[in-house]
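> model the structure of this input:
(one chain, ligands or ions: 2)
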Amino acid sequence: MFYRSFIHCLATFQLKHKGFLTSPTASFRFTFRRRFSRVSGSRKPFTMKVDTPEFRSLFTPGFKILLDLFSKHEYELRIAGGAVRDILSGQVPKDVDFATTATPDQMKKMFTDEGVRMINMKGEKHGTITARIEDENFEVTTLRIDVTTDGRHAEVQFTTDWELDANRRDLTINSMFLGSDGTVYDYFGGYDDLKVKKVAFVGDPTKRIQEDYLRILRYFRFFARISEDPDKHDPSTIAAIKDNINGLERITGERIWMELSKILAGNFVFHTVSKLLEVGAAPFIGLPAQPNLVELQVVCKRTEGLNPRPVTLLASLLASEEEMMLLHGRLKLSSIDRDLGRFITAFRNKSLGLKDCQKMMLRPDANLSDTRVYISELFKYEAKLECLDQFLKWEPPKFPINGNTLKENDVPSGKPIGRVLKALKNSWIDSDFTKTSEQLLNELPDVMRTLNIKPTNVK
Ligand SMILES: Nc1ccn([C@@H]2O[C@H](COP(=O)(O)OP(=O)(O)OP(=O)(O)O)[C@@H](O)[C@H]2O)c(=O)n1
Ligand SMILES: [Mg+2]
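Ligands and ions are numbered 1, 2, ... in the order given. As a prediction, the model looks like this:
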């Protein structure tokens with residue numbers, strides 16, 4: 001630990017000599033290397049080879065073309081960060097990020113010269129160019145350091161030094177590179193940490209956190225993902241998190257939710273959320289002062305194996321629909337997640353049965369597919385497994401009347417048809433979907449009278 005912090009401080013100190021990174025002259029670079037090596041022994045990363053099915057699965061036709069391009073133009077290209085972690089853990093990564101010694105301008109020239117389309121140029125400022133090859137997107141980012149950070153965004157400078165890029169990353173397990181020949185380059189002990197299932201920041205945790213406070217949540221997400229013991233946190237890491245917890249206030253709701261939702265979909269949800277609350281995160285991520293941990297524990301247990309949506313678990317922490325709306329104000333949830341949270345906080349413990357829910361789903365104002373999600377999640381939340389099973393198998397009956405039938409029966413076109421349809425549909429639902437078209441049409445005169453709508457055949 002001391003060794004790593006020391007290396008990290010040293011590298012950072014050296015970087016403060018302005019000019020080194022933008023256009024490193026050979027002699028300056030040499031000096032840097034010598035100075036660095038004299039103190040630290042060697043700058044060589046730990047290396048090893050992988051040749052696993054997960055690694056081989058990356059070699060799609062598009063990836064092979066990308067590799068050939070970089071090699072033809074003599075730029076180095078390596079897989080970086082999370083994907084290396086996943087491959088070394090025996091998982092096929094969901095997304096693969098690449099790092100390169102080429103600058104964004106060099107990449108743009110190379111791709112343009114080679115007729116490769118580039119998309120989504122938003123990342124260029126931070127060094128990322130996205131190439132589209134064989135219907136695949138390849139995000140390639142120039143090696144860089146973050147020169148100034150405000151806890152959310154970074155001003156970056158490009159470099160060709162792999163260690164410096166590793167050095168700016170959050171966790172040791174996320175700081176490795178992997179070459180196309182299977183060589184893993186590990187500067188900060190990420191491989192060892194992965195082996196012993198340890199989550200540690202690269203260098204000084206306080207500094208890493210202050211560069212981007214979202215890393216607090218990333219720490220917990222990866223802890224839950226790789227640790228075997230839900231409580232075995234490193235006390236100094238937790239202390240640094242506690243000291244900086246209010247920095248989460250500066251992170252946008254969308255980014256917080258991106259991480260928090262993954263925490264809620266991961267392992268040890270109860271332990272991880274408890275720890276998050278213990279370090280004081282609640283007020284900065286939109287949770288009430290006293291979240292209901294007892295209910296969370298119960299709901300986590302009940303929903304084991306049911307794959308609940310993150311909001312379903314989150315709702316258990318909240319006392320009311322109002323608290324749900326306050327949380328939404330902070331996290332800016334999608335409308336389906338917001339309404340799911342409202343639905344659960346409003347209807348849990350109301351003893352809604354299968355029939356009530358089926359009726360609710362077909363009500364004219366309900367959005368069929370969204371309401372189906374809300375009801376399934378409510379049954380999961382309450383562990384009503386029989387109801388859930390039957391509800392998922394249920395084919396909603398078809399309402400036997402449509403607008404044309406009403407037109408043929410003298411209901412004026414436009415809004416009146418909608419109003420009458422709604423009233424008849426409610427009547428059909430109240431009959432447990434048993435009323436026939438004929439029975440409903442018999443009710444038409446009464447319905448129209450109540451709604452004050454004149455039939456078209458009456459002048
Ligand atoms: N706040 C952050 C976010 C990302 N990274 C670095 O950027 C890499 C890629 O980030 P991202 O794709 O967001 O996360 P992954 O670690 O790849 O995790 P996931 O599997 O969720 O994609 C990380 O591995 C890490 O090296 C970082 O240092 N600090
Ligand atoms: Mg990733």
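
> which bits of the stretch 151-300 of the chain sit near ligand 1?
169, 170, 174, 175, 212, 214, 215, 218 (CB under 6 Å from any ligand atom). In this view, the C-beta of every residue, glycine as well, is placed from N, C-alpha and C.

> now do the same contact list for the fifth one.
Read that as residue 212. Contacts for residue 212 (CB atoms under 8 Å, 6 or more residues apart in numbering) come out as 149, 151, 152, 154, 170.

> just these: which are in strands?
Among the contacts of residue 212, the members falling in strands are 149, 154 (criterion: DSSP state E).

> filter the residues of the stretch 151-300 of the chain next to ligand 1 down to the buried ones, ChimeraX style.
This is the ChimeraX syntax for the buried subset of these, where burial follows 16 or more other CB atoms under 10 Å:
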select :169,170,174,175,212,214,215,218
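
> returning to what we had before: can I get the contacts of residue 212 in JSON lines with distance to ligand 2?
Putting the contacts of residue 212 into JSON lines (distance: CB to the ion, whole Å) gives the following:
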{"residue": "149", "distance to ligand 2": "20"}
{"residue": "151", "distance to ligand 2": "21"}
{"residue": "152", "distance to ligand 2": "19"}
{"residue": "154", "distance to ligand 2": "17"}
{"residue": "170", "distance to ligand 2": "12"}
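
> drop anything exposed from the contacts of residue 212.
Burial by neighbour count, 16+ other CB under 10 Å: within these this picks out 149, 151, 154, 170.

> three-state assignment of residue 58?
Secondary structure, DSSP: H, G, I helix; E, B strand; the rest coil: residue 58 is coil.

> got a list of what the closest residue to it other than its chain neighbours touches?
Leaving aside its sequence neighbours, residue 58 sits nearest to residue 96 (CB to CB, 6 or more residues apart in numbering; 6.4 Å). The neighbourhood of residue 96, defined by CB under 8 Å, 6+ apart, consists of 58, 79, 83, 138.

> ok, residue 96 to residue 226 distance?
As judged by CB to CB, to the nearest Å, residue 96 and residue 226 stand 19 Å apart.

> for the residue of the stretch 351-459 of the chain found nearest ligand 2, give me its contacts.
As assessed by CB to the ion, ligand 2 sits closest to residue 373 within the stretch 351-459 of the chain, at 26.9 Å. Applying CB under 8 Å, 6+ apart to residue 373 gives the contacts 309, 336, 340.

> per-residue confidence at it?
pLDDT recorded at residue 373 is 96.

> go on, residue 153?
pLDDT, residue 153: 78.

> near it, how many other residues are there?
Other residues near residue 153 number 13, with proximity taken as other CB atoms under 10 Å.

> can you tell me the closest non-neighbouring residue to the closest residue to ligand 2 within the stretch 101-250 of the chain?
Ranking the residues of the stretch 101-250 of the chain by distance to ligand 2 (CB to the ion) places residue 174 first, at 8.7 Å. Nearest residue to residue 174, sequence neighbours excluded (CB to CB, 6+ apart): residue 81, at 5.0 Å.

> touching, the one you found and residue 98? I think so.
No - taking CB atoms under 8 Å as the definition, residue 81 is not a contact partner of residue 98, at 9.5 Å.

> which one's more surrounded, these two?
Taking residue 81 and residue 98 together and counting by other CB under 10 Å, residue 81 has the greater number of neighbours (26 against 23).

> and the more buried one, how far from residue 172?
Taking CB to CB as the measure, residue 81 and residue 172 are separated by 11 Å.

> hang on, the earlier thing: contact partners for the residue of the stretch 101-250 of the chain closest to ligand 2?
Contact partners of residue 174, counting by CB under 8 Å, 6+ apart, are 81, 82, 85, 190, 222.

> ok, so of those, who is nearest ligand 1?
For those, the residue nearest ligand 1 by CB to the nearest ligand atom is residue 82; the value is 2.0 Å.

> for the closest one, give me its contacts.
Counted by CB under 8 Å, 6+ apart, residue 82 has contacts 93, 95, 97, 174.

> the first one - how many residues pack around it?
Around residue 93 sit 19 other residues, with neighbours defined as other CB under 10 Å.

> go on, the second one?
For residue 95, the neighbour count with other CB under 10 Å is 10.

> how far away is it from ligand 1?
The span separating residue 95 from ligand 1 equals 5 Å under the rule CB to the nearest ligand atom, to the nearest Å.

> I'd guessed that residue sits against residue 83; true?
Yes - applying CB under 8 Å, one finds residue 95 in contact with residue 83, separated by 7.1 Å.

> ok and the residue in the stretch 201-350 of the chain nearest ligand 1?
residue 212 (4.3 Å).

> beta partners of that residue?
With DSSP bridges applied, residue 212 shows beta-bridge pairing to residue 151.

> may I ask which helix or strand encompasses the residue sitting nearest the centre point of the chain?
A centroid search over the chain (CA atoms, centre = their mean) returns residue 258, at 3.6 Å, as the residue closest to the centre. Taking DSSP states H and E as the criterion, residue 258 maps to helix 253-264.
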